[in-house]
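Visitor: Below are the sequence and a predicted model for it; my questions follow.
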Amino acid sequence: MNFTSHLKQVKLDLRSNTVIRCLRTLSLKDQKLVFAVLLIQVFLSLLDLAGVVIVGLLGSLTISGVGSNQPGDRVIAFLKFLRLSDNSFQFQVGALGILAATLLTSKTLISLYFSRRTLYFLSRSGARLSSILLSKLLGQNLLKIQERSIAETLYAVTHGVSVINIGVIGAAVYLISDISLLIILGAGLFVVDTTIAISTLLMFTLVAFTLYKRMHVSMKNMGVNFADISVVRSERITEIMNSYRELVVKNRRSYYSNEVARMQTKLADLSAGISFLSNISKYVIELTVVIGSLVIAAVQFSTQTATHAVAVLSIFLAASTRIAPAVLRVQQGLLQMKGSIGIAAPTLKLLEDLGNEESIEKTTDEIDFEHKGFVANALLEKVSLTYPGKAMPAISNIDLKIEEGSIIALVGPSGAGKTTLVDVLLGILQQESGTVAISGMEPLLAISSWPGALGYVPQDVVISNGTIRENICMGYPIDIATDDLIIEALDIAQLTNFVRSLPLGLDTPVGDRGTKISGGQRQRLGIARAMFTKPRFLVLDEATSALDGETEANIADAIQNMKGKATVIMIAHRLSTVREADKLIYLENGKIVATGTFEEVRRTVPDFDRQAQLMGL
């Protein structure tokens with residue numbers, strides 16, 4: 001699903017309370033802090049108003065003093081209020097100038113301080129939201145997680161969250177602050193000259209509104225396209241890295257390189273377009289100030305006295321130094337929010353989908369290697385599951401009892417439902433009907449009750465870009481991974497001699513996705529990882545498919561030695577691997593066709609017997 005479809009699913013215009021929904025992603029405490037920042041910014045606007053008014057009075061006082069005329073009543077009243085009426089003209093001008101500069105400078109510096117604190121605060125809040133989103137997402141079953149591509153999920157829980165907090169909430173805070181500044185300065189201008197106040201506000205408002213209406217749709221569309229292409233680019237680069245050998249053989253590296261280059265060019269154009277739209281406003285507002293100043297000067301000097309005209313023009317120019325940037329920030333803030341909402345569309349959709357879901361429970365990092373109280377048995381009754389969009393069930397009406405200490409093999413043709421059955425057994429997938437229990441309770445509850453009591457080796461072992469030690473204790477703090485524990489796991493996986501031959505031993509880097517070791521070594525590393533916690537319930541899904549015959553036989557012997565000590569469930573297409581299992585379960589089309597020993601299933605299922613003959617068994 002691309003971001004354009006996300007945009008259609010999520011109400012994104014400001015009238016649909018998207019900004020409020022973004023604000024609600026903050027905790028109640030953080031929402032109160034945002035409100036406090038807004039109040040402080042409103043208060044700081046009063047400093048701007050006071051500074052602008054004093055600048056106007058200073059202009060009036062200066063023109064009166066130069067012409068040896070008596071200042072206006074308002075100037076005299078203000079000088080008396082400040083107890084400056086008895087001082088010399090030069091002292092009055094200097095004092096008003098210093099006071100105006102102090103007020104305006106203080107407002108700027110205090111605003112700068114709070115802007116910095118607000119950005120850091122929102123960034124930290126974004127980090128917490130990203131953590132919460134990821135926690136909720138990981139609390140879902142596998143099908144829910146697979147609804148999105150990896151690149152899309154990565155974008156939603158990282159960059160999209162940052163955009164919501166800085167690009168939407170942050171922009172909204174500044175937007176409200178600047179609007180309050182415009183309102184307060186407008187009120188001050190009304191006191192001085194109603195006509196000028198109305199003209200000024202109408203002029204800037206009309207310019208800002210026109211700019212916004214002409215550009216907001218383009219900004220939103222460019223934001224959506226930027227996000228969409230960013231995800232596709234990430235997917236393509238990942239595809240290149242994962243299929244490098246094939247691309248070399250097919251001689252298609254240049255094709256992918258050119259495709260990524262085209263997408264990068266589109267992103268560069270979109271980025272430039274977004275920046276250009278933001279900068280247009282700056283030049284239009286500057287031009288508006290110049291034209292407005294000329295018009296007001298012409299009107300005032302032709303209709304009023306020079307003293308009044310200079311006072312009004314001074315106030316207008318002083319106010320414009322505050323109003324023009326504020327109007328610019330309001331207009332740019334609206335555009336930024338519009339573009340950010342488009343960019344953050346997948347995150348907003350993810351928030352909507354996971355809104356009522358619980359985060360995964362916090363777990364301890366400690367491991368009880370004895371797993372006291374855990375009973376390594378399992379029971380499935382009338383279990384069925386149909387994948388979304390499929391007519392036929394992946395598994396249907398499964399009844400299965402697994403005794404503690406037994407070795408069970410799941411066999412059958414590809415697509416028979418073996419991996420699905422294991423996923424349901426372990427709680428990775430949720431069955432549609434029926435019940436599943438491990439040690440007398442739901443699988444996920446058993447896993448949380450006895451951490452490490454269950455071990456799992458998937459078909460495709462994921463190797464992280466770290467050391468052998470880090471890969472074996474993946475998910476646990478490195479300090480609990482003692483050499484003795486790791487060597488014990490390596491012994492079972494037949495990797496000990498290989499690791500001891502390496503100069504760095506357990507601290508040898510294995511490369512991204514295990515590129516510095518062989519396929520068989522990667523698979524054995526996955527087995528060692530599963531054995532690290534000394535599990536008493538072990539599931540192996542084609543865990544030895546990439547091994548040579550001797551190594552596979554040694555691992556099979558190690559598994560046989562676990563008989564009576566741990567329950568082992570294995571999926572294998574190499575029938576030699578499962579020949580000594582206590583019980584074979586033959587699946588076909590999602591149903592259990594036969595159960596029994598190797599020879600019993602062989603006699604019952606002709607296809608299985610034929611496979612055994614082809615393998616020389």
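Guide: Done, it's in.
Visitor: how's the chain carved up into domains?
Guide: The chain breaks down by automatic domain parsing into domains covering 28-354, 378-614.
Visitor: Now do the end-to-end distance for the first one.
Guide: Its start and end residues considered, domain 28-354 measures 19 Å (C-alpha to C-alpha, to the nearest Å).
Visitor: Give me the distance from it to the chain's centre.
Guide: Mean-position distance between domain 28-354 and its chain equals 24 Å (C-alpha atoms, centre = their mean, to the nearest Å).
Visitor: just to revisit the earlier point, for E366, find the nearest of the domains of the chain.
Guide: Proximity to E366, assessed across those by C-beta to C-beta, is greatest for domain 378-614 (7.7 Å). Quick note: C-beta positions are derived from backbone N, CA and C, even for glycine.
Visitor: What residues does the spatially most central residue of the chain make contact with?
Guide: Geometric centre of the chain, nearest residue: V157, 1.5 Å, by C-alpha atoms, centre = their mean. Taking C-beta atoms under 8 Å, 6 or more residues apart in numbering, we find V157 in contact with S130, L133, L134, L137, T347, L350.
Visitor: now do P458
Guide: Contacts of P458 by C-beta under 8 Å, 6+ apart are G526, D541.
Visitor: ditto for N397
Guide: Contacts for N397 (C-beta under 8 Å, 6+ apart) come out as K382, V383, S384, G434, K591.
Visitor: mind redoing it with 10 Å?
Guide: Neighbour list for N397: E381, K382, V383, S384, S433, G434, G590, K591, I592 [criterion: C-beta atoms under 10 Å, 6 or more residues apart in numbering].
Visitor: just to revisit the earlier point, by neighbours, which of the contacts of V157 wins?
Guide: Within these, neighbour counts (other C-beta atoms under 10 Å) peak at T347, which reaches 27 neighbours.
Visitor: quick revisit: among the contacts of N397, the buried ones, what's the ChimeraX command?
Guide: In ChimeraX syntax, the buried subset of the contacts of N397 is picked out as below (16 or more other C-beta atoms under 10 Å):
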select :383,384,434,590,591,592
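Visitor: Take the contacts of N397 and keep only those in strands.
Guide: E381, K382, V383, S384, S433, G434, K591, I592 (DSSP state E).
Visitor: Confirm for me that the third one is in contact with V422.
Guide: To tie it back to what came earlier, the one meant is V383. No - counting by C-beta atoms under 10 Å, V383 does not reach V422; the two are 11.9 Å apart.
Visitor: from the ones in strands among the contacts of N397, which two are the most distant?
Guide: For those, the maximum inter-member distance is 15.8 Å, found between S433 and I592 (C-beta to C-beta).
Visitor: Ranked by average pLDDT, which of the domains of the chain falls at the bottom?
Guide: Ranked on mean pLDDT, the bottom entry among the domains of the chain is domain 28-354, at a mean of 76.
Visitor: K372 falls within a strand, correct?
Guide: No - per DSSP: H, G, I helix; E, B strand; the rest coil, K372 lies outside any strand segment and is coil.
Visitor: Can you report how many residues neighbour it?
Guide: For K372, using other C-beta under 10 Å, the count is 7.
Visitor: wouldn't K372 be in contact with W450 here?
Guide: Yes - between K372 and W450 there is a contact under C-beta under 10 Å: 8.5 Å.
Visitor: still on that earlier bit, and the domains of the chain: which comes nearest E361?
Guide: Of these, nearest to E361 by C-beta to C-beta is domain 378-614, at 6.5 Å.
Visitor: Kindly check the end-to-end length of that closest one for me.
Guide: 33 Å.
Visitor: Could you give the separation of that domain from the chain centroid?
Guide: On C-alpha atoms, centre = their mean, the centre of domain 378-614 falls 32 Å from that of its chain.
Visitor: one step back: any chance of the contacts of V157 in CSV, plus secondary structure and distance to K401?
Guide: CSV is the format used below for the contacts of V157 (DSSP: H, G, I helix; E, B strand; the rest coil; distance: C-beta to C-beta, whole Å):
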residue, secondary structure, distance to K401
S130, helix, 43
L133, helix, 39
L134, helix, 37
L137, helix, 34
T347, helix, 45
L350, helix, 40
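Visitor: ok now do L287, which residues does it touch?
Guide: V207.
Visitor: Please tell me I have it right and I438 contacts V424.
Guide: No - with contacts counted by C-beta under 10 Å, I438 stays clear of V424, the gap being 11.3 Å.
Visitor: Have a look at these two and say which one is more surrounded.
Guide: Legend: neighbour count by other C-beta under 10 Å for I438 and V424, higher for I438 (28 against 25).
Visitor: Distance of that one relative to I569?
Guide: To I569, I438 is 11 Å away according to C-beta to C-beta, to the nearest Å.
Visitor: Now do the shared contacts for these two.
Guide: Common neighbours of I438 and I569 (C-beta under 10 Å, 6+ apart) are A378, I402, L425, L426, F537.
Visitor: Ramachandran coordinates for the nearest residue to the second one once chain neighbours are set aside?
Guide: Just to be clear, that refers to I402. Excluding the flanking residues, the one nearest I402 by C-beta to C-beta, 6 or more residues apart in numbering is A378, at 4.1 Å. Dihedral pair for A378: phi -150, psi 150, per degrees, to the nearest 10.
Visitor: From the structure, what's the count of residues near A378?
Guide: Using other C-beta under 10 Å: A378 sits among 25 other residues.
Visitor: coming back round to it: quick one: which of the shared contacts of I438 and I569 is most hemmed in?
Guide: F537 (28 neighbours).
Visitor: and that one, bridged to which residues?
Guide: L454, T567 (DSSP bridges).
Visitor: Using neighbour counts, pick out the buried residues of stretch 179-191.
Guide: I179, S180, L181, L182, I184, L185, G186, G188, L189.
Visitor: And stretch 476-486, by the same measure?
Guide: Y476, A481, L485, I486.
Visitor: which other residues reach it?
Guide: 365-367, 369, 451-452, 466-470, 472-474, 488-490, 495-496, 499, 505-506, 528-529, 531-534.
Visitor: redo that, cut-off 6 Å
Guide: D365, R469, I472, C473, L506 (C-beta atoms under 6 Å, 6 or more residues apart in numbering).
Visitor: Stretch 43-53 too?
Guide: Taking C-beta under 6 Å, 6+ apart as the rule, stretch 43-53 contacts 100, 103-104, 107, 110-111, 180-181, 184-185, 188, 318-319, 322.
Visitor: Nearest residue to V42 in space, ignoring adjacent ones along the chain?
Guide: Closest to V42 by C-beta to C-beta, 6+ apart is S180, at 4.5 Å.
Visitor: correct me, but the one you found touches L39?
Guide: No - counting by C-beta atoms under 6 Å, S180 does not reach L39; the two are 9.6 Å apart.
Visitor: Many thanks, I have nothing further to ask.
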